[in-house]
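*Asks:* Just a sequence and a predicted model for now, questions to come.
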Amino acid sequence: MSELIAGDFLSLLASQKIPVLNAERGTHAPVQTQATTVFAFHYKDGVLMAGDRRATAGNIIVTDRVDKVIDIDATSILAIAGVPATAFEMARVMQTQFEYYRRSQLQPLSLPAKVRALARLLRENLPMTMQGVGVVVPLFAGLDTQVSPPKPLIFFYDPLGAQFQAVGNAASGSGSGSIRSILSYQEKYGKPGPADMNLKEAVQFTLRVLMIASEFDAATGGINPETNTFATVKVLDANGVRTILAEEQRGYLHG
């Protein structure tokens, strides 16, 4: 037997005539499930945040029943665009953090602290973001209780955790380009503008915007009253968060 170099495992296998298994290396990461599209805008009484309910994986529609707008606590809402597995975990972490602080300190977390908490979670997700997996680009709405009356505010983020306050509206996801264009036009030339809409007008406008976005983006599910497929719509005002259910949306759409 020829002399082996210490630690030369491949030579040892060859000397014993044991074949080496050659594993093929994949050139692409697994196809990820993606959730799009979400947006938020100020209306007359507060903030409306909405999202379609479609999730896709490549060219496959995974489901039209996913909720992309999530109550974090009684006065804050998270809208997710990106990989649901990562985004839903972020939402659960925030819900636990906010509730723990409220119970331990006997007062709710301040809005600036809530905004930073989401930014921190996005920064902690940086390794996944840099690999191109687990990317999340969320929207957040919370109630500023430091002013009187309390004022709902909208924040948007980049994948690295930078946070920005939206003056009028914000959108994220694959259909956000169409939606932002419509919102911008309505703000400048529409009557009423989004900030002057009552709840009925705001919800009706939201549903129509999603229907238009779905015509230009296959990953946006839109609205289909025939199959009772409506959006996830939540409003945040001085009294807290309220969900606009499917039957209420149907009434607003045809009202």
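*Replies:* Thanks, I have it.

*Asks:* And the residue positioned nearest the centre of the chain, its phi and psi?
*Replies:* Geometric centre of the chain, nearest residue: residue 80, 0.8 Å, by Cα atoms, centre = their mean. Dihedral pair for residue 80: phi -110, psi 140, per degrees, to the nearest 10.

*Asks:* Identify the residue nearest it in space, chain neighbours excluded?
*Replies:* Distances taken as Cβ to Cβ, 6 or more residues apart in numbering place residue 87 nearest to residue 80, at 3.7 Å, with adjacent residues excluded. Placement of C-beta: from N, CA and C, glycine included.

*Asks:* Okay, buried residues for the helix or strand harbouring that neighbour please.
*Replies:* For residue 87, the element it lies in under DSSP states H and E is helix 84-105. For helix 84-105, burial by neighbour count (16 or more other Cβ atoms under 10 Å) applies to 84, 86, 87, 88, 90, 91, 93, 94, 95, 97, 98, 101.

*Asks:* For the stretch 1-150 of the chain, which segments count as strands?
*Replies:* 33-35, 38-43, 46-51, 55-57, 60-63, 69-73, 76-79, 139-144 (DSSP state E, counting those that start in this stretch).

*Asks:* what packs against the fourth one?
*Replies:* In this structure, strand 55-57 packs against strand 33-35, strand 60-63, with contacts taken as 3 or more Cβ pairs under 8 Å, 6 or more residues apart in numbering; DSSP states H and E.

*Asks:* For the shortest one, name the packing helices and strands.
*Replies:* In this case it means strand 33-35. Counting contacts by 3+ Cβ pairs under 8 Å, 6+ apart, strand 33-35 packs against strand 55-57, helix 84-105.

*Asks:* Which of the ones you listed has the lowest mean pLDDT?
*Replies:* With a mean of 89, strand 55-57 has the lowest mean pLDDT of the helices and strands packed on strand 33-35.

*Asks:* Show me what the nearest residue in space to residue 139 that is not next to it in sequence is bridged to.
*Replies:* In space, and not counting its chain neighbours, residue 139 is closest to residue 79: 4.1 Å by Cβ to Cβ, 6+ apart. Beta-bridge pairing of residue 79 under DSSP bridges involves residue 69, residue 139.

*Asks:* In stretch 218-225, which residues are buried?
*Replies:* Neighbour counts over stretch 218-225 (16+ other Cβ under 10 Å) mark 219, 220, 221, 222, 223 as buried.

*Asks:* cool, and stretch 56-69?
*Replies:* Buried residues in stretch 56-69 (16+ other Cβ under 10 Å): 56, 66, 67, 68, 69.

*Asks:* list the contacts for the residue lying closest to the third one once chain neighbours are set aside?
*Replies:* The reference is to residue 67. In space, and not counting its chain neighbours, residue 67 is closest to residue 232: 4.8 Å by Cβ to Cβ, 6+ apart. When contacts are counted by Cβ atoms under 8 Å, 6 or more residues apart in numbering, residue 232 touches 50, 51, 52, 53, 67, 68, 69, 243.

*Asks:* For residue 232, report the pLDDT, please.
*Replies:* The model's pLDDT for residue 232 equals 97.

*Asks:* do residue 24 as well
*Replies:* pLDDT, residue 24: 50.

*Asks:* and if you look at residue 51?
*Replies:* Residue 51 is assigned 96 on the pLDDT scale.

*Asks:* cool, residue 36 as well?
*Replies:* Per-residue pLDDT puts residue 36 at 83.

*Asks:* try residue 3
*Replies:* Model confidence at residue 3, expressed as pLDDT, equals 49.
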